[in-house]
Structure formats: C-alpha cells, structure tokens
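Engineer: Have a look; sequence and predicted model below, questions after that.
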Amino acid sequence: MSSSNNNAPPKRPVTPAGVNARPILTPAGPGGSRVFSRSSLLWILYVPSFLLQVGVGMLIPVLPSFIEEMGVGVGLIGLGVSGVLIGTMVFDVPSGLLVGRFGHKQTMLVGTAALGLLALVTAFTSSFAIFMVLRLLAGTAMALWSISRMAYVSDTVPSAARGRTLATFGGVQRIGAFVGPVVGGIIGAQISLEAVFLAQAGMSAATVLMLIAFTKELGGDRADQLIRQGRSSVMRTLVDNRLGLARGGTAMVSLQLVRRGRELLLPLWGTHLGLEVDQIGYVIGAAAAVDMSMFAPVGYVMDKYGRKWMSIPSFLVLGAGMAMLPLTNEIWTFGAIAVFTGFGNGLSSGAMMTLGADLAPRQRASEFIGVWRLIGDIGGAAGPIIVGQIATIVTLGWSSIFIAGFGFLGATGVYVIVPETLGRDEEMGLSNPPEDPGTATTPVSSPGGGETTD
C-alpha cells in the first residue's frame, strides 16, 4: 500500500481503540505484508521463562522441609508455601497498571532481579516470620514477571496462533518444572537446603542477562503509546469485562486451586511415606516429564477444536489422581499417581493463559490480565492453605480428597459456565483492523491482522 504523499516520512501505525494499544512491527514479507512468527519469541519469552521456572521449580521438593526446620507444624508449612502466591495475588492488579505505564521489558527486569535478590536473602534466614515476609515480597516480584509476559503475548500474538504459542509457553514452563525439582532435590540432599535458594538466585541472574540482551520494548515511544490507548482504570476494566471475568474466572480459580494444592500434597505425601528428599524430587520430576510432553498436541487441539477440549479432561484427571493419592503406601504407587496427575496437568498446558489472552480487551490487555491473574492467584493461594488446615484438623489424606472435589467441580464449571473463546476476535470484528492511511505497516499484534507462520 502506498501513501498519498510518497515523499512524506512513514507514520507510526495508529491502533484503534479496542483493538490493540501496543503493536509490534516485524520486517515486511513478500508484497509488503507483515507476518507473526512464533520462532521470534524464542529468546524473548521461551528461554527466559525456562531459566526462571527451573529456579522456581528447584524449591518445590525442599520448601516444606526448609520450613519444617524452623520448628513449625504442617499448618504453617502450608501457609509458608502459599506466601509467594499470596504476595502475587496482592500485587497482580498493581502489576497490570505498572506494565501499562512502564512497559513490558522494564517490569520483566525489575521482577526477575528482585526475585533473585530475595532468594539470596531467604537462604540465610531461620525465622519463620522473616521467611514469610520474604516469600510475600517474592510473590510481588513474580507478579511483575508474570503479568508483563502474559500481556506481551496478548499484545503480539494473533488469536489463531495463541493456543499453540501459549501451550508451547506452558510446555517450556513444564520442562523447567521437570528439571527444577530434580536439580533442587539433588542439591538439597547432597549439599544443603539453603544451597537451593542460592541456586535459584543464580538462575534469576542468568534470566536478567537474557532479558537485557534480547528483549526490546513494544511499539514506539511509550508516551505516544499511552496517548493512543488512553489512561485506563482498573474499575473501568472490571465493569467493561465483568461477564467474561466472572465466567472465565470459574475455571481459573478451580484449576489454580487444584494445581497448587497438588504441588504441596505431593512432597508432603512423599514425606509422610518416609521418602528422602531426593526420592521425592525424582518422583515429582517424572510427573513433570509427562506433564511437559503434552504441550504440542494440547496447543494444536485448542487452536483446531476449541479451548474446552483440553480443559475439561484436565480437571477430571487431576481430580481422579488427587482422590487416589491417599491409597498409595510406597514409592512405586506414589510415583504412578504423581505421573497420572502430571498427565492431567499437562492437558491444561497454557489453557488458562490462552483463555485470559482471548478474553483480554485489546486496549487494556495488561490491566485485564492483572485482574485475571488475581482471580487465579486467589485459587492458587487457597490451595496450600486448605491442604495445611484440613491436614491439621483431620488428616493429610482428607486434604487430598477435598482438593479432588475441586477438580470435579471445575470440570462441571468449564462445561456449563465458561464460554468457548476460539475465534472470539473474529466474531468481534477484530480480524482485520483498519490500517492508518499513508503507512505501509500493519500491527501484527492485532488478532488475525496478518499472516501467521510458525
């Protein structure tokens, strides 16, 4: 397309309100068309996410034991594990506002650097109160990282490729979740529990270097972007998207509750069976290996048939696995159930991120995703607390059965209440956003606005 004035300098693309506020421009393809390529996200999104997830995953098999050495009971162990989730929950909405104000790269860097520094300090604390404060702060750092990367995907990836992109993203996280617990278990058993936190700090430092080297801010000048999108408010986002948040939030709360409850139940049940910390790490790693193998077929099914096709089976398998966990009495049956639940978790690889990105309004994606993450983190924070409190009042086995109930409840909620969002952008008329006259550029982040390549 040519400008009416061929001598005039090319204009920046103007993104219409309600379509997208932060476009990315890629090099023009044949005929001047813009294309989106998932391979372009490798060094910007996938590798940094893997490094950070390895660091986070290393804590999974050792965190209950680390807290127990402070002289507290199972109830406070559950609270301690939930600390980072509570901090994330509290800071989700402010993180969305900060991403919208300062951009994706800056918030990614701050969140990642803070996470590493807090892990370094945590390694040297022996007070549960100080530990809890540090974990809450680590949660705020995780919120900054999580919101910025989800908003990045929502702002740059067309709807037709979003399921595969986010399933791959979920798969990368799961690969990290496979490597992390195994490495963390070995470090905890062979060196010390404190050394695991030092290793996490090292992984965060490596992630910071990766982000500095490869990540560029979206679009043009940040001030111009804010002028184009207008000053968003959280209340406006809530009001305008209340139905989508209420319906989609049913799945988000349930799945995060079951996932986080499972994350605590597996190492606790392994300890209950008398297993060593490295054995628990191997079992959780095996479950994560099955989990991470599912992302490619899951992404294909979500983009081909719909988002629900994977979410409902995931809930059912997770619920069944948690219901059977109390029946295990040695490492082999425990490992079999852990792997089974890993398969169930893998069926939802990227599912909630995809649902949130589908529902997010183009103009206020970061603010919406902040609220979306808050909804999920309420469920995530509740999971370990529920496990700890029920185990204190009754038994650990009953905690697992209670978490299983939320799995079956979530499957029902997704089937009855949650909308199918595949093709939602096209139905809303966002597949072919208008192009600014006089420019030969098209914002690739407008869903369906350009050719999609893998």
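Structural biologist: That came through, no problem.

Engineer: for the record, mean pLDDT for stretch 380-400?
Structural biologist: Stretch 380-400 shows a mean pLDDT of 86 in the predicted model.

Engineer: who touches it?
Structural biologist: 73-79, 81-82, 85-86, 88-89, 256-265, 268-269, 272, 322-323, 325-326, 402-403 (CB atoms under 8 Å, 6 or more residues apart in numbering). Every C-beta, even on glycine, is put in place using the N, C-alpha and C of the backbone.

Engineer: And that stretch, what's buried?
Structural biologist: 380-392, 396-397, 399-400 (16 or more other CB atoms under 10 Å).

Engineer: do the same with stretch 196-206
Structural biologist: Val196, Phe197, Leu198, Ala199, Gln200, Ala201, Met203, Ser204, Ala205, Ala206.

Engineer: Return the member of these nearest to Gly356.
Structural biologist: Relative to Gly356, the closest of those is Ser204; by CB to CB it sits at 24.7 Å.

Engineer: And the strands in this structure, which stretches?
Structural biologist: Counting by DSSP state E, the chain has strands at residues 35-37, 451-453.

Engineer: Please name the spatially closest residue to Phe131 (chain neighbours excluded).
Structural biologist: In this structure, Phe131 finds its nearest non-sequential neighbour in Thr125, 5.2 Å apart by CB to CB, 6 or more residues apart in numbering.

Engineer: Equivalent analysis for Leu327, please.
Structural biologist: Using CB to CB, 6+ apart, the closest residue to Leu327 is Thr333 (7.3 Å).

Engineer: The one you found and Pro326 touch, don't they?
Structural biologist: No - between Thr333 and Pro326 there is no contact under CB atoms under 8 Å: 10.9 Å.

Engineer: between these two, which one's more packed in?
Structural biologist: Pro326 (19 against 14; other CB atoms under 10 Å).

Engineer: surely that one meets Ile401?
Structural biologist: Yes - between Pro326 and Ile401 there is a contact under CB under 8 Å: 6.7 Å.

Engineer: As a check, name the ranges of all helices in the stretch 251-400 of the chain.
Structural biologist: Per DSSP state H, counting those that start in this stretch, the stretch 251-400 of the chain carries helices over the ranges 277-292, 295-304, 308-324, 331-346, 351-359, 365-393, 396-416.

Engineer: buried stuff in the last one?
Structural biologist: Which is helix 396-416. By neighbour count, with 16+ other CB under 10 Å as the criterion, the buried positions of helix 396-416 are 396-397, 399-404, 406-411, 413-414.

Engineer: And for the first one?
Structural biologist: With burial defined by 16+ other CB under 10 Å, the residues of helix 277-292 counted as buried are 277-292.

Engineer: and which of those is nearest Val93?
Structural biologist: Of the buried residues of helix 277-292, the one sitting nearest to Val93 (CB to CB) turns out to be Asp291, at 29.2 Å.

Engineer: so what's that closest one scoring on pLDDT?
Structural biologist: 84.

Engineer: can you tell me how far it sits from Phe343?
Structural biologist: Counting by CB to CB, to the nearest Å, the gap from Asp291 to Phe343 is 7 Å.

Engineer: Let me see the contact set for Gly274.
Structural biologist: Gly274 neighbours (CB under 8 Å, 6+ apart): none.

Engineer: And it, how far from Ile284?
Structural biologist: On the measure of CB to CB, Gly274 and Ile284 end up 16 Å apart.

Engineer: which residue sits closest to Arg373 in space, ignoring its chain neighbours?
Structural biologist: Asp92 (4.4 Å).

Engineer: picking that back up, next, work out how far apart the residue nearest to Leu327 and Gly270 are.
Structural biologist: 12 Å.

Engineer: cool, Leu59 as well?
Structural biologist: From Leu59 to Gly270 the distance is 15 Å (CB to CB).

Engineer: now swap in Ser154 and tell me
Structural biologist: Counting by CB to CB, the gap from Ser154 to Gly270 is 37 Å.

Engineer: The two: which is more packed in?
Structural biologist: Ser154 (28 against 25).

Engineer: Contacts only, for the more buried one.
Structural biologist: Gly356, Ala357, Ala360, Ala365, Ile369.

Engineer: what does the model give it for pLDDT?
Structural biologist: Ser154 is given a pLDDT of 72.

Engineer: Likewise for Gly202?
Structural biologist: So, for Gly202, pLDDT stands at 94.

Engineer: heads up, I number from 554, so please use that
Structural biologist: All set: I'll call the first residue 554, so the last point we hit is now Gly755.

Engineer: got the contact list for it?
Structural biologist: Gly608, Gly669.

Engineer: Next one: it from Asn882, what distance?
Structural biologist: Gly755 is 38 Å from Asn882, by CB to CB.
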